[in-house]
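1. Pasting the sequence and the predicted coordinates here, then a few questions.
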Amino acid sequence: MGRYILKRIWHGAVVIFGVTVIVFVVTRMVGDPVKVMLPLEATAEQRAAFERQLGLDRPIPVQFADFLAGLARLDFGESLWQHRPAMEIVLEKLPLTLHLAFLGIGLACVLSIPLGIIAALRPGGISDRLTVFFSLIGLSIPQFWLGLLLIVVFAVQLKWLPTSGIATPAHMIMPAVTLALPALARMVMIVRSAMIDELNRQYVKTATAKGLPFRRVVGVHALRNAGLPVVTLCGWELIRAVAGYSVVVETVFAWPGLGLTAIQAIEREDLILLQAIVFTVAVTVVLINIAMDVVYTIIDPRLKLA
């Protein structure tokens, strides 16, 4: 196990380095922070002086060498937009994004298991058809539209919940639900499919014939054997939330996390802050993947991690 984790950490480090280098190259090719930061009436001399101040007048290989030196110290420099160390900003925003992602995807994981089991107990029955129907609706609704719909209904009309911010626990309800519902729709279908397969296996029929309580057969044996695809999808949904889908939710609800900060950095062409965000997200994704592999062995000790 230890050797495998070290191997995965090495592979993850290569992925993180590759992603960060790609972002460095792309931001230098398409971005022009000088034009964004200076007023339109700035002279050519002012632009040149600002480029020298940012180090953008140097050749790309020199900039890349400085970038690698800073990366080794986790020092990406000062944000062009907020004039603070970029990693300091990222480390302030990251817990908010992780909080939202774990809350939303955790809610989806917890609800998907009983709903999927209920649907799998009688395939083709009323509960199964309703589960499939509502899951298809959940998969079809765009996440930004769902968030706006919740705001209109629960914040504007009913006035039950605040529209944005993070001041109280009530502010977390609509963002978490918006993040959870599409993931819940996907996960319910996976749980349902996996449980139907397991309940049709011979060991379930044998255990039931021997008098073992059906609730125990379903809740312990069948669910444990169906756990690997469920854990895989939970981890994948968490990765999607951290690396992409939280951007939509944070933008709709003005949630001051990493996703909203990334959008603002792109709008202001803050290359330094954007690089720090991408690096941090890549590290988080790698750590989630490693944690998923460890959970696999806990669920099924027969698995051999090579």
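-> Here it is on my side, so go on.

2. Run through the residues that contact residue 86.
-> By C-beta atoms under 8 Å, 6 or more residues apart in numbering, the contact set of residue 86 is 76, 77, 78, 79, 272, 273, 275, 276. No exception for glycine: its C-beta is placed from N, CA and C like everyone else's.

3. Now with 10 Å, please.
-> 70, 74-80, 265, 270-277, 279-280 (C-beta atoms under 10 Å, 6 or more residues apart in numbering).

4. Narrow the residues you listed to those in helices?
-> 70, 265, 271, 272, 273, 274, 275, 276, 277, 279, 280 (DSSP state H).

5. after the helix or strand encompassing residue 67, next one along is what?
-> Using DSSP states H and E, residue 67 sits in helix 60-72. Once helix 60-72 ends, the next helix or strand along the chain (criterion: DSSP H and E) is helix 86-121.

6. Near residue 7, how many other residues are there?
-> Number of residues near residue 7 (other C-beta atoms under 10 Å) recorded here: 12.

7. okay, it: pLDDT?
-> With respect to pLDDT, residue 7 scores 78.

8. Assign a three-state SS to it, would you?
-> State at residue 7, reduced to three classes by DSSP: H, G, I helix; E, B strand; the rest coil: helix.

9. so how far is residue 179 from the closest residue to residue 172 other than its chain neighbours?
-> Spatial nearest neighbour of residue 172, chain neighbours left out: residue 103 (6.4 Å); criterion: C-beta to C-beta, 6 or more residues apart in numbering. The gap separating residue 103 from residue 179 is 8 Å, by C-beta to C-beta, to the nearest Å.

10. which residues do these two both contact?
-> By C-beta under 10 Å, 6+ apart, the residues touching both residue 103 and residue 179 are residue 241.

11. Name the residue in the two with the higher neighbour count.
-> A direct count of neighbours by other C-beta under 10 Å for residue 103 and residue 179 places residue 179 higher, at 30 against 18.

12. Return the residues in contact with that one.
-> 100-101, 103-105, 107-108, 143, 146-147, 237, 240-241, 245-246, 248-250, 253, 255.

13. How confident was the prediction at the closest residue to residue 128 other than its chain neighbours?
-> The shortest distance from residue 128 to any residue other than its chain neighbours is 4.4 Å, reached at residue 119 (C-beta to C-beta, 6+ apart). What the model reports as pLDDT for residue 119 is 88.

14. likewise residue 152?
-> Taking residue 152 on its own, its pLDDT is 92.

15. Any idea how many residues pack against it?
-> If you count neighbours by other C-beta under 10 Å, residue 152 ends up with 12.

16. now swap in residue 109 and tell me
-> Residue 109: 22 surrounding residues under other C-beta under 10 Å.

17. Please tell me I have it right and it contacts residue 241.
-> No - contact criterion C-beta atoms under 10 Å: residue 109 and residue 241 do not qualify, at 11.6 Å.

18. So for these two, which residues contact both of them?
-> 102, 180, 183.

19. want to throw the residues you listed into TSV with neighbour count, pLDDT and distance to residue 194?
-> Below are the shared contacts of residue 109 and residue 241 laid out as TSV (neighbours: other C-beta atoms under 10 Å; pLDDT from 0 to 100; distance: C-beta to C-beta, whole Å):
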residue	neighbour count	pLDDT	distance to residue 194
102	15	92	23
180	25	91	20
183	27	90	16
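
20. Could you save those residues as TSV and add columns showing distance to residue 22?
-> Output for the shared contacts of residue 109 and residue 241, formatted as TSV (distance: C-beta to C-beta, whole Å):
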residue	distance to residue 22
102	28
180	31
183	27
